[in-house]
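Asks: show me how the following folds:
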Amino acid sequence: MTDADTSAATVPSVPYRPDPTGGCPHAAHARLLAEGRQVVPVVLPGEVPGAAVIGHEALKEFLTHPEVGKDVRHFAALHEGGVPEGWPLATFVRVRGMTTADGPDHRRLRSLVSRALTPRRVAELRPRVVALTTRLLDGLERRAVEGDGIVDLHRHFALPLPLSVIGELLGVGSAHLDRLHHLSIQLVSTDIDPQEALAANREMVALLTAVVEERRTAPGEDLTSALLAAREEDGDRLDAQELVGTLLLMIVAGHETTLNLIVNAVRALGAHPDQLDLVRRSRASWADVVEETLRWDGPVSLFPFRYPVRDIEIGGTVLRRGTPVLAGYSAAGRDPAAHGPDADRFRVAREPLARHLSLGHGAHFCPGAPLARMEAEVALGALFERFPGLRPVGADAELPRHPSFVGNGVLELPVRLGTAPRAR
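Replies: Sure, this is the predicted structure:
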């Protein structure tokens, strides 16, 4: 329905405060779902009021609702002075790109990006991903031999793989990649000092502006060069802010989500060796592992923001016009109403009752989803083929978390490779 029905409940009065330090979200989300709450009020950093849609069916409805926008002009509190300077979520609001555009602007920006992410282009990238994966695995072997047998899979495998791929796709030189990753962490952090947030945003914009100038001077077969060409052919196609904003969003989303996906899958398989055994016995595939990880412990927890353009009813709850609403992907992935009474269990051979929403739904479905799936399948298959005895070291609960309730991941993953390096 379009307008809020008078019989619908307003958002419950007891708010949920997502952990800004990025603690594991699943227990809190399970409690909220057990209370029958599909939509919950939230208190965002800076005491900014908002809401989160956490139930699967409610989220599916919300993501395709015709009266919900992504453009910052709909964010009531921002225009009323209710959002503090240096707000840690400001990048998600102010950056100009696909994720903050509606209607024709969104279709225009998405069409330009989608040209670089066609199924054919993803297939062409696969040999490069395989070769890079092999090189990184060789590096893991060397580190295990030279050290105590324990290596950080996050730092030395799961991070450089998608970061290198997105860098190559965008034409970003390797000299910039480490700094871009560091700034990405800061930009999505919900536990950051306002001055640090402002500085990180300024540096990211400056660095990407330099990348644009590099590609303008020496264009190549990359997306940045293609976007520049599109802009020069038709000045209305892509302005300077949209160009930098598009690169920013693709750098952050293009490697952080795949990084979390690979790491979360290894963590899940380490905790569930019986599920890994199903893959080894060909009772499930690496594609099954990727999909179940996306559902059970997806790379994004609470994604900002969408705004009702008028009062609407979602899941029996009224969301008021202009409210900043988080999409509760990790909560929806474990919603028993959609995924059955064992939704909290990791089962790679699961017969899905509903398709997970972890890569979005509707017009804003992640255009990089085929690339992320391909990278994760290649990475996991090669990793466990090379190191069949690989296992995480230490307690999973003690791993340092990404300092954000937006992303769902950890900052390191020490593993023991488990076997002597095989003859090459």
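Asks: and the residue nearest the centre of this protein?
Replies: Thr257 (3.7 Å; Cα atoms, centre = their mean).
Asks: burial of the closest residue to that residue other than its chain neighbours, as a residue count?
Replies: Taking Cβ to Cβ, 6 or more residues apart in numbering as the measure, Thr257 lies nearest to Pro299, with 4.2 Å between them; neighbours along the chain are not counted. All C-beta atoms are positioned from the backbone trio N, CA, C, and that covers glycine. When neighbours are defined as other Cβ atoms under 10 Å, Pro299 has 27 of them.
Asks: where do the strands sit along the stretch 251-400 of the chain?
Replies: Applying DSSP state E, counting those that start in this stretch to the stretch 251-400 of the chain gives strands spanning 302-308, 312-314, 317-319, 325-328, 391-392.
Asks: one more: the stretch 101-250 of the chain?
Replies: Listed in chain order, the strands of the stretch 101-250 of the chain (DSSP E, counting those that start in this stretch) span 150-152.
Asks: quick check: mean pLDDT of the longest helix along the chain?
Replies: When the chain is parsed with DSSP state H, its longest helix is helix 240-271. Per-residue pLDDT over helix 240-271 has a mean of 93.
Asks: next: stretch 105-113.
Replies: For stretch 105-113, the mean pLDDT works out to 86.
Asks: buried by neighbour count: which residues of that stretch qualify?
Replies: Buried residues in stretch 105-113, counting neighbours by 16 or more other Cβ atoms under 10 Å, are found at Asp105, His106, Arg108, Leu109, Arg110, Leu112, Val113.
Asks: for that stretch, the distance to its chain's centre please.
Replies: If you compare the mean C-alpha spot of stretch 105-113 with that of the full chain, they lie 19 Å apart, counting by Cα atoms, centre = their mean, to the nearest Å.
Asks: likewise stretch 214-226?
Replies: Relative to the mean C-alpha coordinate of its chain, stretch 214-226 is positioned 26 Å out (Cα atoms, centre = their mean).
Asks: buried ones in it?
Replies: For stretch 214-226, burial by neighbour count (16+ other Cβ under 10 Å) applies to Glu214, Arg215, Asp222, Leu223, Thr224, Ser225, Ala226.
Asks: and if you look at stretch 197-206?
Replies: Under the neighbour-count criterion of 16+ other Cβ under 10 Å, stretch 197-206 has Ala197, Ala200, Asn201, Glu203, Met204, Val205 buried.
Asks: ok, now stretch 268-276?
Replies: Using 16+ other Cβ under 10 Å as the test for burial, stretch 268-276 gives Ala268, Leu269, Gly270, His272, Gln275, Leu276.
Asks: burial measure for Ala379, as a count.
Replies: The number of residues packed around Ala379, counting by other Cβ under 10 Å, is 27.
Asks: actually His176, not the one I wrote
Replies: Using other Cβ under 10 Å, His176 is surrounded by 18 other residues.
Asks: where in the chain is pLDDT low?
Replies: The chain contains residues with pLDDT under 70 at 1-13, 231-237, 419-424.
Asks: again, only using 50
Replies: Low-confidence segments of the chain, defined by pLDDT under 50, are located at 1-3, 6-7, 420-424.
Asks: beta partners for Ile314?
Replies: Ile314 has the following beta-bridge partners by DSSP bridges: Thr317.
Asks: what count of nearby residues applies to it?
Replies: For Ile314, the count of nearby residues is 25 (other Cβ under 10 Å).
Asks: ditto for Gly167
Replies: When counting by other Cβ under 10 Å, one arrives at 23 neighbours for Gly167.
Asks: now it. Nearest residue, chain neighbours left out?
Replies: Leu177 (5.0 Å).
Asks: hang on, that neighbour packs against Pro162?
Replies: No. Counting by Cβ atoms under 8 Å, Leu177 stays clear of Pro162, with 10.6 Å between them.
Asks: more crowded one of these two?
Replies: Neighbour count, other Cβ under 10 Å: between Leu177 and Pro162, Pro162 has more, with 27 against 19.
Asks: can you name the residues that contact that one?
Replies: Applying Cβ atoms under 8 Å, 6 or more residues apart in numbering, one finds that Pro162 lies in contact with Gly254, His255, Thr258, Leu259, Ile262, Ala372, Glu375.
Asks: just checking, Val93 touches Arg73?
Replies: No. Counting by Cβ under 8 Å, Val93 sits too far from Arg73 to count as a contact (10.6 Å).
Asks: re earlier: and the residue nearest to the centre of the chain, how far from Gly407?
Replies: In this structure, Thr257 lies at 8 Å from Gly407, with Cβ to Cβ, to the nearest Å as the measure.
Asks: intersection of neighbour lists for these two?
Replies: Common contacts of Thr257 and Gly407, defined by Cβ under 8 Å, 6+ apart, comprise Pro299, Val300.
Asks: can you tell me how far Ser330 is from Asp396?
Replies: In this structure, Ser330 and Asp396 are 16 Å apart, going by Cβ to Cβ.
Asks: er, His176 actually
Replies: The gap separating His176 from Asp396 is 32 Å, by Cβ to Cβ.
Asks: do Pro194 as well
Replies: Taking Cβ to Cβ as the criterion, Pro194 is separated from Asp396 by 32 Å.
Asks: kindly report the same for Gln38.
Replies: When Cβ to Cβ is the yardstick, Gln38 and Asp396 sit 29 Å from each other.
Asks: of the two, who's got more company?
Replies: Set side by side, Gln38 and Asp396 give different neighbour counts by other Cβ under 10 Å, the larger being at Gln38 (25 against 13).
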